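Colleague: using only what follows, build the 3D model:
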Amino acid sequence: MAAPARLRMNRTALLPVGLLAVCAVPLAFGAPPWTLPVLLVPVVAALWVLRVGVDIGDDAVTVRSLAAERRVPWTEIAGLRVAPRGDLWLVTTHGTEVHLPVMRARDLPLLASASGGRIDVPPPPAQ
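Modeller: Numbering: from 1, shown residues only. The predicted model follows:
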């Protein structure tokens with residue numbers, strides 16, 4: 001069994017989170033004590049960048065959000081749906097849809113190669 005393909009948000013997204021933390025420190029410590037929870041905003045944003053993603057394994061696709069994860073076996077995947085803005089959704093055999101948070105339509109070839117041939121990518125239309 002091969003290790004699952006881990007598709008996560010680019011770690012450079014932590015740069016604006018760090019800038020947010022630097023900007024939050026004066027506000028949190030230079031104002032009344034009830035503003036200290038402002039420091040939680042950059043912490044939660046950093047956790048979101050590090051956690052959210054998709055794991056594609058031999059037996060299932062696992063979608064991770066900040067506080068939860070959902071595992072969808074390959075036998076329950078009916079197909080993919082591309083939203084008008086390019087978001088990707090897994091369509092299950094039960095008729096439900098699961099959002100793939102860090103993937104866009106441009107990532108379809110990557111998803112197809114990580115799926116081991118379970119998902120086909122149609123060729124682009126001829127012009």
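Colleague: where exactly do the strands run in this structure?
Modeller: 5-8, 53-56, 60-64, 69-73, 77-82, 87-92, 97-104 (DSSP state E).
Colleague: domain parsing for the protein?
Modeller: The chain resolves into domains spanning 8-51, 54-116 when parsed by automatic domain parsing.
Colleague: to Pro123, which of those lies closest?
Modeller: With CB to CB, the closest approach to Pro123 among these belongs to domain 54-116: 10.8 Å. No exception for glycine: its C-beta is placed from N, CA and C like everyone else's.
Colleague: gap between the two ends of the closest one?
Modeller: With CA to CA, to the nearest Å as the measure, domain 54-116 spans 15 Å from end to end.
Colleague: how far is that domain from where the chain is centred?
Modeller: Chain-centre distance of domain 54-116: 10 Å, with CA atoms, centre = their mean, to the nearest Å.
Colleague: for that domain, what is the average pLDDT?
Modeller: For domain 54-116, the mean pLDDT works out to 90.
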